[in-house]
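Asks: Need coordinates for the following:
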Amino acid sequence: MKLYIKYMVSNRCKMMVKKSLKELGLHFIVVELGVVEVMENISTEQREQLKIALLDVGLELMDDKRAMLIEKIKNVIVEMVHHSDELPKTNFSDFISTKLNHDYTYLANLFSEVQGTTIEQFIISHKIERIKELIIYGELNITEIANKMNYSSVAHLSGQFKKMTGLSPSHFKQLKDKRRSPIEEI
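Replies: The predicted structure follows:
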């Protein structure tokens, strides 16, 4: 039986879901971002207990088909931007449409209607957060980050970054560097 869980976006969330399932004596086959497959058919009482357990850790068991589809869209984007080594070379619209086996126009309209923002803006927001993370790690330069995140140029990345954060990537990096002081200087 498949269950869909809202706000499940990290490995920590997966651990919390596994723990909740074990505590209820449920056996899972797969625990992925937003989706859990359990061996048993869950009774109404078990479903309510799971719902409460998940709410306690900031997650939500979903029943609404539209909400489930929105969560699937978000999970595909989070997985694509934050958890894969390289972004797909195809259009994001084609990637999402293929991954979810739905027409992109339908997905985009549903997402905009329910979320109040576009899929494109959601992707850009996540890409900018990922870029911040990569800048803070300091392992890649801006050119390498632009390539990794599939930007056509450093200028395109910089423009989008500045539009979203109000800072250029290099200024953001300088602020990050200034936030920390060597222990000897304190």
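Asks: first to last residue in stretch 58-68, what's the distance?
Replies: With Cα to Cα, to the nearest Å as the measure, the first residue of stretch 58-68 is 17 Å from its last.
Asks: can I see the domain layout of the protein?
Replies: Annotated domains of the chain cover 1-63, 121-179 [automatic domain parsing].
Asks: any idea how far Ala155 is from Lys162?
Replies: 10 Å (Cβ to Cβ, to the nearest Å). C-beta here means a position set from N, CA and C on the backbone, and glycine is covered the same way.
Asks: between these two, which one's more packed in?
Replies: Taking neighbours as other Cβ atoms under 10 Å, Ala155 and Lys162 compare with Lys162 leading, 14 against 10.
Asks: ok, for the more buried one, nearest residue in space, not its chain neighbours?
Replies: Residue nearest to Lys162 in three dimensions, not counting chain neighbours: Ser168, with 5.4 Å by Cβ to Cβ, 6 or more residues apart in numbering.
Asks: first vs last residue of stretch 112-120, how far apart are they?
Replies: End-to-end distance (Cα to Cα), stretch 112-120: 10 Å.
Asks: So what touches that stretch?
Replies: Arg66, Ala67, Ile70, Ile73, Ile77, Phe92, Ser93, Ile96, Leu107, Ala108, Phe111, Phe122 (Cβ atoms under 8 Å, 6 or more residues apart in numbering).
Asks: circling back to that earlier point, now the domains of the chain in CSV, please, with extra columns for mean pLDDT.
Replies: Compiled in CSV, those are given as follows (pLDDT from 0 to 100):
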stretch, mean pLDDT
domain 1-63, 88
domain 121-179, 90
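Asks: Arrange those in a markdown table, one row each, with distance to Pro88 as further columns.
Replies: Shown next, in a markdown table, are the domains of the chain (distance: least, Cβ to Cβ, whole Å):
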| stretch | distance to Pro88 |
| --- | --- |
| domain 1-63 | 17 |
| domain 121-179 | 8 |
